[in-house]
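1. Need the 3D shape of this:
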Amino acid sequence: MGTVAEDSAGISPKDGRGGDQDLDAGALFVLKSRGSWLHCGYHLTTAIVAPALLSLPFAFTLLGWSGGVICLTAAGLVTFYSYNLLSIVLEHFAQLGNRHLRFRDMAHDILGPGWGKYFVGPLQLGICYGAVIACILLGGQSLKYIYLVTTPNGSMELYHFIIMFGGVTLIMAQMPSFHSLRHINLVSLFLCLAYCACTTAGSISIGHSNDKPERDYSITGAGLNRGFGVFSAISIIATTYGNGIIPEIQATIAPPVTGKMFKGLVVCYSVVVTTFFSVGISGYWAFGNKSQGSILSNFMVNGLPLLPKWFLLITYLFTLVQVSAVVLVYLQPTNVMIERRFADPKKPEFSVRNVVPRLVFRSLSVIAATTLAAMFPFFGDIMALFGAFGCIPLDFILPMVFYNVTFKPSKRSFIFWVNAVIAVVSTVLAAVGAVASVRQIILDAKTYRLFANM
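-> Okay, the predicted model is just below:
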């Protein structure tokens, strides 16, 4: 007879919430509560400080100097506040003996079963799987950049590199639990500091060179285009700060959890401030409103590098390796769903009964993501829409709602109105940002082609 498996804290997760639900292999095997606050900091940093931050100079082109710095600062303050509120709510339920391990579990208990099952759960899964596709695409693009630096006239196309990166991801995706990524995510933390330092140094070097590009800091677009551009830029910045897996990250912390998430956030945001502002400001300073979707694209003009080849290779290599860690973090909600559906929690984690379906279905999820990344290399436009629909609700709206519903602060209190204002403003930004993203997709649709060599 099989025995009921337990995590390291002696807890038998039941549907991620406690109570009398059926044993949940997703919470039991993937969301093991064994980590420290430092491990939490590593996970948070990898989830937030990703190569998407290389698009921040482009967001500045739509906002200008003042608008760009203000939006970058405001989004940082709001997300830190929001993630801390979410951790406070999680700690509150943990102290009541009802620890939540997933976003959907929080929504289930705070807002009602329908919210968790039909809104928050699918929304989070879609956003995280979309991030997986985007990371595989970015990994393929980084490989292609390295190839073009070393072989300028090479004939290999983007989808070849996406398949290569997908193959590596398929192997790494077999890491058994979120906690098992802690050492990988520590390396990721140093790598993001490294490629951001290289990017900042490269921008400053080009900006001071004799053949520096002409700089124009006027905001791009006019009239309606400029208005939509502002909301697109806000969506880009919000998505860059986005996370969407705070409960799953906090689930990796060994009990007692009180205060540990805040320490992890401090570690994370010390890296966030260092990297986001240095890359955003230096890139916009060097290239002005000619900053491209990824500032690294500005480092080459007509196939010719503006910096030494060895420097570009190192920068692209740091980016490539770090994005391979990011993709593993955002695979975790998919892995939780796979284990929940196909694993048997009454059998050992590494029994044949559990290893075979884990290997098969995790591999299929990576193969599907790799195929989509190769087919839709313009997926960045789609992710902007996902960011407006998903990142803003999960990271800017729901934490405020969860806190107010859970603790019921007085409607005359300062915190109630701060949370209410942030939630309402974020809702408006999400709606307009979604419209702006759809409009951009329509405008760019004429350039879309399956398996395009972009």
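2. Work out for me the element residue 124 sits within.
-> Taking DSSP states H and E as the definition, residue 124 sits inside helix 121-150.
3. how far does that helix sit from the chain's center?
-> Here the centre of helix 121-150 is set off from its chain's centre by 11 Å, with Cα atoms, centre = their mean, to the nearest Å.
4. Against which helices or strands is that helix packed?
-> Applying 3 or more Cβ pairs under 8 Å, 6 or more residues apart in numbering; DSSP states H and E, one finds that helix 121-150 makes contact with helix 103-110, helix 158-172, helix 309-342, helix 352-375, helix 379-386. C-beta here means a position set from N, CA and C on the backbone, and glycine is covered the same way.
5. Would you mark the buried spots in the third one?
-> Buried residues in helix 309-342, defined by neighbour count with 16 or more other Cβ atoms under 10 Å: 311-312, 315-340, 342.
6. And the fourth one, by the same measure?
-> Residues of helix 352-375 classed as buried under the neighbour-count rule (16+ other Cβ under 10 Å) are 354-355, 357-358, 361-362, 365-366, 369-375.
7. just those residues now: which is nearest residue 217?
-> residue 373 (34.1 Å; Cβ to Cβ).
8. isn't the closest one right next to residue 133, touching?
-> Yes. Contact criterion Cβ atoms under 8 Å: residue 373 and residue 133 qualify, at 5.0 Å.
9. isn't residue 226 right up against residue 219?
-> Yes. Counting by Cβ under 8 Å, residue 226 does reach residue 219; the two are 6.2 Å apart.
10. More neighbours: those two, which one.
-> When residue 226 and residue 219 are compared for neighbours, residue 219 comes out ahead with 19 against 12, by other Cβ atoms under 10 Å.
11. And the nearest residue to that one once chain neighbours are set aside, which helix or strand is it part of?
-> Closest residue to residue 219 apart from its sequence neighbours, by Cβ to Cβ, 6 or more residues apart in numbering: residue 64 at 4.7 Å. Residue 64 belongs to helix 56-95 when elements are defined using DSSP H and E.
12. Next secondary structure after the helix or strand of the chain with the lowest mean pLDDT?
-> When each helix and strand of the chain is scored by mean pLDDT, DSSP states H and E, helix 379-386 comes last, with a mean of 66. Using DSSP H and E, the helix or strand that follows helix 379-386 in sequence is helix 392.
13. I'd like the distance from that following helix to the chain centre, please.
-> On the basis of Cα atoms, centre = their mean, helix 392 sits 12 Å off its chain's mean C-alpha point.
14. Residue 29 against residue 342, yeah?
-> No. Under the criterion of Cβ under 8 Å, residue 29 makes no contact with residue 342, lying 11.0 Å away.
15. any idea of the mean pLDDT in stretch 411-421?
-> Taken as a whole, stretch 411-421 has an average pLDDT of 94.
16. okay, it in PDB with CA atoms only?
-> Taking only C-alpha atoms (Å, rounded to 0.1, in the frame of the first residue of the first chain), the coordinates of stretch 411-421 have been written out as PDB:
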ATOM      1  CA  LYS A 411     -13.400  53.000   4.200                       C
ATOM      2  CA  ARG A 412     -12.200  56.100   5.800                       C
ATOM      3  CA  SER A 413      -8.600  54.700   6.200                       C
ATOM      4  CA  PHE A 414      -5.700  55.800   4.000                       C
ATOM      5  CA  ILE A 415      -4.700  52.300   3.000                       C
ATOM      6  CA  PHE A 416      -8.300  51.500   1.700                       C
ATOM      7  CA  TRP A 417      -8.300  54.400  -0.600                       C
ATOM      8  CA  VAL A 418      -4.700  53.900  -1.800                       C
ATOM      9  CA  ASN A 419      -5.600  50.300  -2.700                       C
ATOM     10  CA  ALA A 420      -8.900  51.400  -4.300                       C
ATOM     11  CA  VAL A 421      -7.200  54.200  -6.400                       C
END
